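Q: Requesting a structural model of the entry that follows:
(3 chains)
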Amino acid sequence: MEIIRSENLDKIYKDNWVPVQALKNINLTVKKGDYMVIAGPSGSGKTTLLNLLGALDKPTSGKIFFEGADISKKTVKELSGLRLNKLGFIFQAYNLIPVLSAIENIEFSLMLLGKPEALRRKLSLNALRDLGIEELANKRPNEMSGGQQQRVAVARAIVNDPSVVLADEPTANLDTATGSNLLDLMDEMNRSKNITFLFSSHDPQVIERARILIRLRDGQIESVQTK
Amino acid sequence: MTKNLLINLAWRNIWRNKRRSAVVLSSIIVGVAATISMDGLTNGMTYQMLFNQINLGTSHIQIHKTGYTDNRLVKNFIQGELQLKADILRLPGVKAVSERVVTFGLVSSAESSAGIYVYGVDHKAEKRVSAISGLIKEGNYLSGAEREVVVGYELANKLNAGLGNKIILMANDPSGKIHSDVFRISGLFESFSSGFDKSYIFVNSDDLQNMLGLGNSYHELAIIVAEPSLAESLKSEIRSAVGSDFEVKTYRDILPILVMQIDLSRESMWIVNMIIGIALVFGIINVMLMTVIERIREFGVLMAIGFSTGKLFSLILLEALIIGLSGTIIGLVITGLIHIPFSYTGIDFSWFSEGLVSLGVGAVIYPVVSYQTVLLTIIMTPMIAVAGAIYPAIKAIRLQPVAAIRHY
Amino acid sequence: MILKLSFIIFFLNASSLAQTAEEIITKAENAIKGKTAKGFVSMTVKTPDYERTLKMENWWIGNEKALIVIKSPKKEAGNKTLKIGNEMWNYLRNTGTTIKIPPSMMLQSWNGSDFTNDDLVRESNLNEDYFIRLIGSEAVEGNNCWKIELTPKPDAPVVWGKLEYWVSKQEILPVRVNYYDENSKLVRHMLFSENKKFSGRIIPSRWMMINDLKKDHITSFILEDMAFDVVISDNIFSFRELERGD
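A: Numbering: from 1, shown residues only, chains lettered A, B, ... in the order given. Got it, this is the predicted structure:
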């Protein structure tokens, strides 16, 4: 089942009034259950692409279909709703809201969705358990290690059962072992719960786990490998 | 983290940087305290001025023969046979009426002399109309005995005369002839106004009427009503009762400068309050901008996970509102704690300025806080706090989530 | 012995002339005022800051009416003061205006002197306003004098607490008057000296008013030429006369 599809996606930035072609003619499709990695050296446009696919940014031209609907024309508010309902995000670092505890961070988007308290609790606790970090429930982000914070971020990303989880270099700030553990967990989620993951990364650990690997260079798709 | 997401989040954000919140909080507390104390002092001062003037003799309503105010001549008297006093006392709302013989004259002692206003009064009626009898510091108020005179300390000092000493009063009769008569000082008063103490003296009306050949005529009817606010409505009632031969004026007509001054000081309070408000707004803009800039990345994440711009905007305003509300409440409590004892004991400014006495205020000011000001402060201060957060909030919602997340 | 003698002399003197204190005062006052009077007087006002002299011509009918015309200095020459009863008008030559002196100005200094307008106006009928009592004999400035005490009657509109009046026994003329306030503080005193003969009458020609509260404030009058009990036309004391520029 197709979740995201892009058609002839172009993105041009204006950097000091000089136009920079960040992405050029990107066509790709993300399907349910995919574990896809967009790889490439820095400046290749991988994060830009992830932001476009994650409805965080708008393309200069071309179309993005999310579950069949064109989102390139949607308003800021509609995109915000889409992100809330359908997407999960994991960023490099500082994913969490500092004034909230781990479980509150996880509950947060459920609250925004207006889910009842009992359900929120249950889902959040499940997510914590899935990631093996129940003991962190009442800790605040500044009381956790980087790896623990990223695990909570993963729990938050998946708690709402999103169509796709977008992870922008999730291991960039972690040491290899911690990164590996985190990736193992996401791998496990993908396999056991059929959660769709879309990464952007140049971390070999991420790349070697990819089941679909898209290599970008200078804003264009260089190669697509399926393992 | 249950009831209201935004309030909860805002509350926790406030506690996040305690020092900064404390700074904003205290500036709001100071603002509230300043606004209310200033209002209390200004009101206290102006009410006192007005109250003192009314008590010193202006009373609430005065009646004169038409033309008297323009030309305070002895011959502009009201004939005693008209029995105006009895007619006016019958009107509902009138508490006391005093007939006064008023003229300008000259008092002299062996050593000095001074121009003064002489009030010839019936001591019983006058006691209910003016407060002079209560201001006697030495000797006694008029008792009705012959040739008594009550003078202010300042005047007595100038004349170098004391209790029991005689002074000579000289004044024109209605035909313009000069008469002089001897009076003995029976009492010395001290009011809140040195100007008054220097230039008003009080004698029994019989003595002054005899001296000036006035019979039972007088110049002024001073009226005290149950409530100062009744003065205006009673004025027209009295006017229709006494007819056009007489001028009827309320204290507002008689003390236009003081009334204007009171209005003016109220208005200038607005300016002061506005300045305090503007200072607060800028303080809050400054602090809220800093919190926004510090939290750009956090806002980026919030927006990325679907926290709408509307909610973000509300969150920032809410943080300001909570600080504004708490500051207002704490400020009110502190001001109240300071103000309430002072409203009974008064604040003694005599160490600060002799000038207040000559202004007719009195050196001790009893602050009077108007409920309008309190209400306004309660409403306006949090609004000002919110207003100060609007610009930073706009800044926050203009952030692009992508750029915000990548902000270092 | 001497004491006894003098007492007898005094006794004889007093009894033989059978004069009461009231009579002495009346005599002394009448001597220097007369029923009518006219003449030239110079007034010198001396203060620590300045000294100036005014020369004036004046007409009096008792204490009832008076006209005073200033003759010099030039700046003030032609200014006039008219008194009728207890009212008073000033005519200013420069502006040609007449001002009635209001009560408020009554106690202001008359032409810068130690006299007030009121001093000029007041009908100081000593017999009417004071209890008069002979309290003894004293020598003042070489004159053997009666010392007379004048205490204001309770209702008399006079500012003084007490007057002491010395009258020379020989000429029955005033020699000195002390003015006290109610606390018996000396406020001012007046000295009469240099007796001269004017139209057959001997009277003091120098009258000095000395302010005892303000140091060195002295006003002295020198009678240069006086005529008493002459006929003075009532027309003199009129506004027409007042406003007639010379």
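
Q: in the stretch 101-250 of chain B, what residue is nearest chain A?
A: B:Ser229 (53.6 Å; C-beta to the nearest C-beta). The C-beta positions use only the backbone N, C-alpha and C, and glycine is treated the same way.

Q: Neighbours of that residue, how many?
A: 9 (other C-beta atoms under 10 Å in any protein chain shown).

Q: Just the pLDDT for B:Thr2.
A: For B:Thr2, the pLDDT comes out at 47.

Q: need the residues of chain C near chain B, please.
A: C:85-87, C:102-104, C:106-107, C:116, C:118, C:152, C:154-161, C:179-183, C:185, C:187, C:213 (C-beta under 8 Å from any C-beta of the partner chain).

Q: Out of the residues you listed, which end up buried?
A: Among the residues of chain C next to chain B, the ones that count as buried by 16 or more other C-beta atoms under 10 Å in any protein chain shown are C:86, C:102-104, C:106-107, C:116, C:118, C:152, C:156-161, C:179-182, C:187.

Q: So which of these are in helices?
A: Those of these mapping onto helices are C:Asp118, per DSSP state H.

Q: filter the buried ones among the residues of chain C next to chain B by proximity to chain A?
A: Okay, of these, nothing touches chain A (C-beta under 8 Å from any C-beta).

Q: Got the confidence number for residue 145?
A: You didn't pick a chain, so chain A it is. 89.

Q: right idea, wrong chain: chain C
A: The model's pLDDT for C:Cys145 equals 92.

Q: Over to C:Ser15?
A: Value for C:Ser15, per-residue pLDDT: 40.

Q: can you pull the buried residues of the helix or strand in which B:Tyr47 is found?
A: Assigned by DSSP states H and E, B:Tyr47 falls within helix B:18-53. By neighbour count with 16+ other C-beta under 10 Å, helix B:18-53 contains the buried residues B:20-21, B:24-25, B:27-53.

Q: does B:Val97 count as helix, strand or coil?
A: strand (DSSP: H, G, I helix; E, B strand; the rest coil).

Q: so it sits right up against B:Leu221, yeah?
A: Yes - B:Val97 lies in contact with B:Leu221 (C-beta atoms under 8 Å); the separation is 5.9 Å.

Q: Now do the shared contacts for these two.
A: Counting by C-beta atoms under 8 Å, 6 or more residues apart in numbering or on different chains, the residues touching both B:Val97 and B:Leu221 are B:Lys85, B:Ile88.

Q: For the helix holding B:Tyr47, give the mean pLDDT please.
A: 85.

Q: Over to stretch B:72-83?
A: Rounded mean pLDDT across stretch B:72-83 is 83.

Q: where do the helices sit along chain C?
A: According to DSSP H, the helices that chain C contains are C:2-17, C:21-33, C:117-121, C:126-129, C:239-242.

Q: out of the buried ones among the residues of chain C next to chain B, which are inside strands?
A: Taking DSSP state E as the definition of strands, these contribute C:Pro152, C:Tyr179, C:Tyr180, C:Val187.

Q: so which strand or helix has the residue nearest the centre of chain A?
A: Residue closest to the mean C-alpha point of chain A, counted by C-alpha atoms, centre = their mean, is A:Leu166 at 1.3 Å. Using DSSP H and E, the element containing A:Leu166 is strand A:164-168.

Q: roughly how far is that strand from the heart of the chain?
A: With C-alpha atoms, centre = their mean, to the nearest Å as the basis, strand A:164-168 stands 1 Å off its chain's centre.

Q: If you count contacts, what does that strand end up packed against?
A: Here strand A:164-168 touches helix A:46-53, strand A:87-90, helix A:146-159, strand A:197-201, going by 3 or more C-beta pairs under 8 Å, 6 or more residues apart in numbering or on different chains; DSSP states H and E.

Q: 10 Å instead?
A: Other helices and strands packing on strand A:164-168, by 3 or more C-beta pairs under 10 Å, 6 or more residues apart in numbering or on different chains; DSSP states H and E, are strand A:2-15, strand A:18-31, strand A:35-39, helix A:46-53, strand A:87-90, helix A:146-159, helix A:176-193, strand A:197-201.

Q: could you give the angle of that strand to helix A:146-159?
A: 150 degrees (axes from the mean of the first three to the mean of the last three C-alpha atoms, to 10 degrees).

Q: Which strands border strand A:164-168, and is each parallel or antiparallel?
A: According to DSSP bridges, strand A:164-168 forms sheet pairs with strand A:87-90 (parallel), strand A:197-201 (parallel).

Q: Pull out the buried residues from it.
A: A:Val164, A:Val165, A:Leu166, A:Ala167, A:Asp168.

Q: residues in contact with stretch B:139-146?
A: For stretch B:139-146, the external contacting residues (C-beta atoms under 10 Å, 6 or more residues apart in numbering or on different chains) are B:120-124, B:126-127, B:132-136, B:148-151, B:162-164, B:183-189, B:202-207, B:210, C:154-155.

Q: okay but C:Ile218 is in contact with C:Ile210, surely?
A: Yes - contact criterion C-beta atoms under 10 Å: C:Ile218 and C:Ile210 qualify, at 5.2 Å.

Q: Determine the residues that are contacts of both of the two.
A: C:Lys46, C:Asp114, C:Arg188, C:Leu191.

Q: For C:Asp219, which residues are in contact?
A: Actually, residue C:219 is Thr rather than Asp. Taking C-beta under 10 Å, 6+ apart, one finds C:43-47, C:109-115, C:188, C:190, C:207-211 in contact with C:Thr219.

Q: Ignore what I typed, I meant B:Leu73.
A: By C-beta under 10 Å, 6+ apart, the contact set of B:Leu73 is B:Lys65, B:Gly67, B:Thr103, B:Phe104, B:Asn172, B:Pro174, B:Gly176, B:His219.

Q: Please consider this matter closed, and thank you.
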